[in-house]
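Asks: Fold the following, please.
(one chain, ligands or ions: 2)
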Amino acid sequence: MEAAFEALIDGLVEQQYGLSATCLQPALVQDLRMQLLTHFEQGDLMPAGIGNQGAFGRNLNIRNDVILWLEKEHNAAEKAFLEQIETFIEYLNRTCFTGINAYEFHYALYQKGHFYKRHKDQFDSDQGRLFSLVCYLNPGWTVDMGGALMLYPDQETIPVLPEGGLAVFFRSDEVEHEVQPANAPRLSIAGWLKRV
Ligand code: OGA
Ligand code: MN
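Replies: Ligands and ions are numbered 1, 2, ... in the order given. The predicted model follows:
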């Protein structure tokens, strides 16, 4: 586990983004995938807003995925995932003195043709989001399925396929990114480590 955490942190320090394929056990990825699909069938996922509070609004020209915030109380898979996040936060605070004291994570489902245009994750009005972490729930994803995460660290373009079990980590105020249109249902958990 610590090797996976180190890969995320080292990548962020050295190249502005970290990748790890071993943060989540394959069985947990599968359970989270099933839970997301169950929540979707129950009608629990809703269009995401853009911005926060007063600036909150939907703009389907910017993003058109549907989301649901994770809760430990929902089921064992979400509880296990969020406990793993807490372990990562403890590691990050201990080794990097980051002072993270809050987090929020949501499922996201992009259906065929859905996208999220280029953006940064930190709201202008609220600097609480320090780090972004996205975990993918799509075993066997291939290039022709679209839906790549495009990362734009300084002067670079890095495509990342949303393969099941892969985690991506970057600073919320630093790295612009976008989700290219998906050609197949694209399942993920995206979230933020915060200091509030
Ligand atoms: C986000 C986001 C990226 C992804 O939800 O803010 O940029 O790959 N997600 O799903
Ligand atoms: Mn984002």
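Asks: Show the end-to-end separation of stretch 19-35, please.
Replies: End-to-end span of stretch 19-35 (Cα to Cα, to the nearest Å): 24 Å.
Asks: who's in contact with it?
Replies: Stretch 19-35 is contacted from outside by 1, 3-5, 7-8, 11, 74-78, 80-81, 84, 88, 107, 135, 137-139, 160, 163-169, 187, 189, using Cβ atoms under 8 Å, 6 or more residues apart in numbering. The way it works is simple: take the backbone N, C-alpha and C, and place the C-beta from them, glycine included.
Asks: before we move on, what about stretch 65-79?
Replies: By Cβ under 8 Å, 6+ apart, stretch 65-79 touches 28, 31-32, 34-36, 39-40, 44-48, 81-83, 104-110, 114, 116, 179, 189, 191.
Asks: out of the residues you listed, who's near ligand 1?
Replies: Filtering these for neighbours of ligand 1 using Cβ under 6 Å from any ligand atom leaves Ala108, Tyr116, Val179.
Asks: would you turn those residues into JSON lines with neighbour count?
Replies: Shown next, in JSON lines, are those (neighbours: other Cβ atoms under 10 Å):
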{"residue": "Ala108", "neighbour count": "23"}
{"residue": "Tyr116", "neighbour count": "20"}
{"residue": "Val179", "neighbour count": "26"}
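Asks: Which ones among those residues lie within strands?
Replies: Within those, residues falling in strands by DSSP state E are Ala108, Tyr116, Val179.
Asks: On the pLDDT front, check the first one for me.
Replies: If I follow you right, that is Ala108. Model confidence at Ala108, given as pLDDT, is 98.
Asks: swap in the last one?
Replies: The predicted local distance difference test score for Val179 is 98.
Asks: wait, isn't it in contact with Pro159?
Replies: No: Val179 is beyond contact range of Pro159, at 11.1 Å (criterion: Cβ atoms under 8 Å).
Asks: And the longest helix along the chain, what's buried?
Replies: When the chain is parsed with DSSP state H, its longest helix is helix 76-96. For helix 76-96, burial by neighbour count (16 or more other Cβ atoms under 10 Å) applies to Ala77, Glu78, Ala80, Phe81, Leu82, Gln84, Ile85, Phe88, Ile89, Tyr91, Leu92.
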